[in-house]
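K.L.:
Predicted model and sequence follow; I will ask about them next.
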Amino acid sequence: MAQIAIARFGRIDTWVNNAGLSIYGRLDEVSEEDHRRLFDINFWGIVHGSLVALPHLIKSEGVLVNLGSEVSEAVVPLQGMYSASKHAVKGYTDALRVEIQEVDQTPISITLIQPTAVNTPFPQHAKNYMQKEPKLPSPQIDPADVAHAILEAATSTTHHIKVGAMSKINTTMQNLLPSLAEKLSAKQADKQQYDEPPRNPDGALYIASGGGNIHGSGGKELCH
C-alpha cells in the first residue's frame with residue numbers, strides 16, 4: 001500500500017491505521033487462537049502499519065494517526081481482549097511518540113484517536129461466543145465524528161483526541177475513580193446483546209466481510 005501511494009503521489013503526508021475488530025465472549029471462554037488472531041489484527045496491524053509508514057512520514061514531516069478507543073484506558077466486559085489490545089495500541093503509540101518526537105526531535109505528529117461507541121457494523125464483524133446477537137451500548141456517535149477527528153489530527157499537532165462525550169467521561173472515571181468505573185462497566189454486559197440468536201457468530205475474524213456498510217445494525221435492519 002505504501003509503495004502504491006509513493007508511486008502514485010510521490011510522498012505520504014498522512015497515514016491512518018484503522019484495522020480492528022472485536023470478540024464478544026468471556027475471557028475464560030474464548031480460545032487462545034482467537035485471542036492471538038485478534039491481537040495480530042488490532043495491535044500488530046497498528047505496529048506494522050506504523051513502521052512501514054514512518055520512514056515516509058519522517059521525509060514529509062507528516063502525520064501518523066492510530067485508532068485506539070475509549071477502552072484504551074477503560075475496559076468493557078465481554079470484550080476483554082479487545083480492551084487489552086486497545087490498551088496495547090495506546091502504549092505503543094505513546095512510546096513511539098516519545099522516541100520519534102521527543103528523543104529524536106523529528107518534526108512529525110503521532111496521534112491516538114479514542115472514540116466511544118460508534119454506529120458502525122462493528123458488532124456484526126466481531127466473532128461472537130454469546131448465545132445472543134451482539135450490539136453496541138448507547139449512546140453511539142456517528143462515524144463522521146471520528147472522520148472529523150482524524151482530519152483534525154492530520155492538520156494539527158495533538159497527542160490524543162477523545163471522540164464523543166462518553167469517551168471523555170469513561171476514561172476520566174477510570175483514571176480518577178477506578179472502583180466506581182468497574183462497577184459501572186459491569187452494567188454494560190447485558191446492554192451488549194439483542195434479544196435474538198446470533199446472526200453470524202464467526203464474524204470477520206478470519207475472513208474479511210467486504211460488506212461496505214458505514215452505519216451499523218439497529219435490530220433487524222441496517223441503517224444507511
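P.N.:
Looks like it arrived, so ask away.
K.L.:
contacts and neighbour counts: CA atoms only from here.
P.N.:
Will do.
K.L.:
Next SSE downstream of the lengthiest strand in the chain?
P.N.:
Secondary structure of the chain per DSSP state E: the longest strand is strand 109-115. Sequence-wise, the next helix or strand downstream of strand 109-115 (DSSP states H and E) is helix 122-125.
K.L.:
In its sheet, which strands sit next to the following helix or strand past that following helix, and in what direction?
P.N.:
Going down the chain from helix 122-125, the next helix or strand is strand 127-128, by DSSP H and E. When pairs are called by DSSP bridges, strand 127-128 turns out to pair with strand 23-24 (parallel).
K.L.:
Same question for the next helix or strand after the partner strand: list its buried residues.
P.N.:
Counting by DSSP H and E, the next helix or strand C-terminal to strand 23-24 is helix 32-42. Using 16 or more other CA atoms under 10 Å as the burial criterion, the residues of helix 32-42 that qualify are 35, 38-42.
K.L.:
Check stretch 138-146 too.
P.N.:
140-141, 143, 146.
K.L.:
what bits of this structure have low per-residue confidence?
P.N.:
The model of the chain has pLDDT under 70 over residues 217-224.
K.L.:
Tell me which residue is most central in it.
P.N.:
G68 (4.2 Å; CA atoms, centre = their mean).
K.L.:
Identify the spatial nearest neighbour of that one, chain neighbours not counted.
P.N.:
Q114 (5.0 Å; CA to CA, 6 or more residues apart in numbering).
K.L.:
Tell me the bridge partners for that neighbour.
P.N.:
Bridge pairing for Q114 - DSSP bridges - gives K162.
K.L.:
That one - how many residues pack around it?
P.N.:
Q114 has 26 neighbouring residues, counting by other CA atoms under 10 Å.
K.L.:
F9 too?
P.N.:
Neighbours around F9, by other CA under 10 Å: 10.
K.L.:
how much space between it and Q3?
P.N.:
10 Å (CA to CA, to the nearest Å).
K.L.:
shared neighbours of these two, anything?
P.N.:
Common contact partners of F9 and Q3 (CA atoms under 8 Å, 6 or more residues apart in numbering): none.
K.L.:
give me the element L51 is part of.
P.N.:
Applying DSSP H and E, one finds L51 within helix 44-60.
K.L.:
all helices for this protein, in order.
P.N.:
2-9, 32-42, 44-60, 80-97, 122-125, 143-155, 165-176, 178-186 (DSSP state H).
K.L.:
Out of the ones you listed, the one nearest G20 is which?
P.N.:
Nearest to G20, of all the helices of the chain, is helix 32-42, at 4.6 Å by CA to CA.
K.L.:
Next, the angle helix 80-97 makes with that closest one.
P.N.:
40 degrees (axes from the mean of the first three to the mean of the last three CA atoms, to 10 degrees).
K.L.:
Now do helix 32-42: which elements does it pack against?
P.N.:
Judged by 3 or more CA pairs under 8 Å, 6 or more residues apart in numbering; DSSP states H and E, helix 32-42 is in contact with helix 80-97.
K.L.:
Kindly export the helix it packs on (C-alpha atoms) in PDB.
P.N.:
The C-alpha coordinates for helix 80-97 follow below in PDB (Å, rounded to 0.1, in the frame of the first residue of the first chain):
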ATOM      1  CA  GLY A  80     -11.900  -8.100  27.400                       C
ATOM      2  CA  MET A  81      -9.200  -9.000  24.800                       C
ATOM      3  CA  TYR A  82     -10.400  -6.100  22.600                       C
ATOM      4  CA  SER A  83      -9.900  -3.800  25.600                       C
ATOM      5  CA  ALA A  84      -6.400  -5.300  26.200                       C
ATOM      6  CA  SER A  85      -5.500  -4.800  22.500                       C
ATOM      7  CA  LYS A  86      -6.500  -1.200  22.600                       C
ATOM      8  CA  HIS A  87      -4.500  -0.600  25.800                       C
ATOM      9  CA  ALA A  88      -1.600  -2.100  23.900                       C
ATOM     10  CA  VAL A  89      -2.200   0.300  21.000                       C
ATOM     11  CA  LYS A  90      -2.100   3.300  23.300                       C
ATOM     12  CA  GLY A  91       1.100   2.100  25.000                       C
ATOM     13  CA  TYR A  92       2.800   1.500  21.600                       C
ATOM     14  CA  THR A  93       1.600   4.800  20.100                       C
ATOM     15  CA  ASP A  94       2.700   6.800  23.200                       C
ATOM     16  CA  ALA A  95       6.100   5.200  23.300                       C
ATOM     17  CA  LEU A  96       6.600   5.700  19.600                       C
ATOM     18  CA  ARG A  97       5.700   9.400  20.000                       C
END
